[in-house]
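Peer 1: sequence and predicted structure are below.
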Amino acid sequence: MTYGLNYQYLPKNSPNGRPLDSGSALLDHPVKAEELVLLPNVGDYVQIDYSARGGESFAGKVRSKLFRYMVRDDSQWCQINIVVEEDDDDWGLLIKE
């Protein structure tokens, strides 16, 4: 099975309560099966800085994970979509750097 990963950002002021339709930080990023254990769970804090490659950067809590499976005669594909929601938590209390 082949895996792909997308992160989407859900700002507090989202007009329709949905994640942004554009600006995914990692769009269809390939993931190896052994890396799946490293994916964040719902409630985990996530910070994504993709600015070095001209991508979006954002931080927040994981609100949801969607696993979409596509099966064809000769292949199997799992697209994982992780929604990161903006939060008010004090990130300075999460870790001492």
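Peer 2: Done, it's in. Numbering: from 1, shown residues only.
Peer 1: low-confidence ranges in this structure?
Peer 2: Along the chain, segments meeting pLDDT under 70 span 22-27.
Peer 1: what about the longest strand in this structure?
Peer 2: Selection of the longest strand in the chain by residue count, based on DSSP state E, yields strand 57-71.
Peer 1: buried stuff in it?
Peer 2: Residues of strand 57-71 classed as buried by neighbour count (16 or more other CB atoms under 10 Å): 58, 60, 61, 62, 63. All C-beta atoms are positioned from the backbone trio N, CA, C, and that covers glycine.
Peer 1: what of stretch 86-97?
Peer 2: By neighbour count on 16+ other CB under 10 Å, the buried set for stretch 86-97 is empty.
Peer 1: what about that stretch, start to end distance?
Peer 2: Counting by CA to CA, to the nearest Å, you get 21 Å between the two ends of stretch 86-97.
Peer 1: one more: stretch 30-47?
Peer 2: Chord length of stretch 30-47, first to last residue, is 19 Å (CA to CA).
Peer 1: circling back: tabulate the buried residues of strand 57-71 (TSV), appending distance to residue 73.
Peer 2: Formatted as TSV, the buried residues of strand 57-71 follow (distance: CB to CB, whole Å):
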residue	distance to residue 73
58	38
60	39
61	39
62	34
63	35
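Peer 1: out of these, which comes closest to residue 30?
Peer 2: residue 62 (20.1 Å; CB to CB).
Peer 1: after the longest strand of the chain, which helix or strand is next?
Peer 2: Next helix or strand after strand 57-71 toward the C-terminus (DSSP states H and E): strand 76-85.
Peer 1: got the buried residues for that next one?
Peer 2: Those would be 78, 80, 81, 82, 83, 84, 85, for strand 76-85 by 16+ other CB under 10 Å.
Peer 1: which strand or helix spans the residue lying closest to the second one once chain neighbours are set aside?
Peer 2: Across the structure, with CB to CB, 6 or more residues apart in numbering as the measure, the residue nearest residue 80 apart from its sequence neighbours is residue 5 (5.0 Å). Secondary-structure assignment from DSSP H and E places residue 5 in strand 2-10.
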